[in-house]
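Engineer: Structure for the following, please:
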Amino acid sequence: MFSTRQQAGVDLARALTKFTDSTPVVLALPRGGVPLGLQVAKALDAPLDVLIVRKLGAPHNPEFAIGAVGEGGAVVLDHPSIDALDLSEVIVDRLISEARSEIDRRVDTYRHGNELIDVADRVVIIVDDGLATGATAEAAVAVARHLGAARVVLAVPTGSHQAVERLTAVCDEVICLEIPEWFGSVGSQYEVFPQVSDDEVTALLRE
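Structural biologist: Numbers count the residues shown, from 1 in each chain. You can find the predicted model right below:
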């Protein structure tokens, strides 16, 4: 268990020092991944940006991910979950449209409409505060691949067995410090886990 996101970021940075000489780009998943991404970027002397991805929550249980959408048009769907919930194509399309609207809003909020930092032919380290289902992180990996990243590394302090296995299949490397026997949720792996606001993200990116 980790005390705070900041502490987890420091621990994560120590595990990533081997990438210092590869001049990586650090992409944090907002909002919760940004405090950790800042610690990693500082330790590696690497540029930091946000990679904006939106989880697709089930209509009657928004915390249950049925997929994710990322900037650049990436869509990752969990078809077995969609089938199990008997969700129609119309409902899924609506969820995707709503997610894309939120992505556009966050791009404007965090980058004032500017493009994502150029990651072509670079080592990209995607940072988040944890992996529950892995759908959001998988969409982030898809975006990085689409943008021409030479190598994609996912770095998280904690994650479920299923999510780590899922991401290992699509990443060049997954760094996960703790994989608890019983995961529960990302928040349950921290002693203090407050919501991170848009204003905090903007301030951290300025820093």
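Engineer: C-alpha from now on. contacts and neighbour counts both.
Structural biologist: Noted.
Engineer: Could you pull out the strands in this protein for me?
Structural biologist: 25-28, 48-50, 53-58, 61-70, 74-77, 123-127, 151-158, 173-178 (DSSP state E).
Engineer: okay, the ones you listed in TSV with mean pLDDT, mean neighbour count and distance to Asp93 next?
Structural biologist: Below are these laid out as TSV (pLDDT from 0 to 100; neighbours: other C-alpha atoms under 10 Å; distance: least, C-alpha to C-alpha, whole Å):
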stretch	mean pLDDT	mean neighbour count	distance to Asp93
strand 25-28	98	28	26
strand 48-50	96	24	25
strand 53-58	88	24	10
strand 61-70	84	20	11
strand 74-77	84	20	11
strand 123-127	98	26	27
strand 151-158	98	25	28
strand 173-178	98	17	30
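Engineer: between these, which gets nearest to Val40?
Structural biologist: In terms of C-alpha to C-alpha, the element of the strands of the chain nearest to Val40 is strand 25-28, at 7.5 Å.
Engineer: returning to what we had before: please dump the strands of the chain into CSV; it should also carry distance to Phe19 for every row.
Structural biologist: Compiled in CSV, the strands of the chain are given as follows (distance: least, C-alpha to C-alpha, whole Å):
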stretch, distance to Phe19
strand 25-28, 10
strand 48-50, 14
strand 53-58, 24
strand 61-70, 25
strand 74-77, 26
strand 123-127, 8
strand 151-158, 10
strand 173-178, 12
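Engineer: For Ala203, which of the ones you listed is the nearest?
Structural biologist: Of all these, strand 48-50 comes closest under C-alpha to C-alpha, at 12.4 Å.
Engineer: Can you say which of the strands of the chain is nearest to Glu89?
Structural biologist: strand 74-77 (11.6 Å).
Engineer: Does anything pack onto that closest one? Which helices or strands?
Structural biologist: Applying 3 or more C-alpha pairs under 8 Å, 6 or more residues apart in numbering; DSSP states H and E, we find strand 74-77 packed against strand 61-70, helix 135-146.
Engineer: and the residue nearest to the spatial centre of the chain, backbone torsions?
Structural biologist: The structure's the chain has its C-alpha centroid closest to Leu29; by C-alpha atoms, centre = their mean the separation is 3.8 Å. Dihedral pair for Leu29: phi -90, psi 120, per degrees, to the nearest 10.
Engineer: my read: it touches Gly130, true?
Structural biologist: No. The criterion here is C-alpha atoms under 8 Å, and Leu29 misses it with Gly130 at 10.2 Å.
Engineer: how does the protein divide into domains?
Structural biologist: Following the assignment in automatic domain parsing, the chain carries domains at 5-53+113-206, 54-110.
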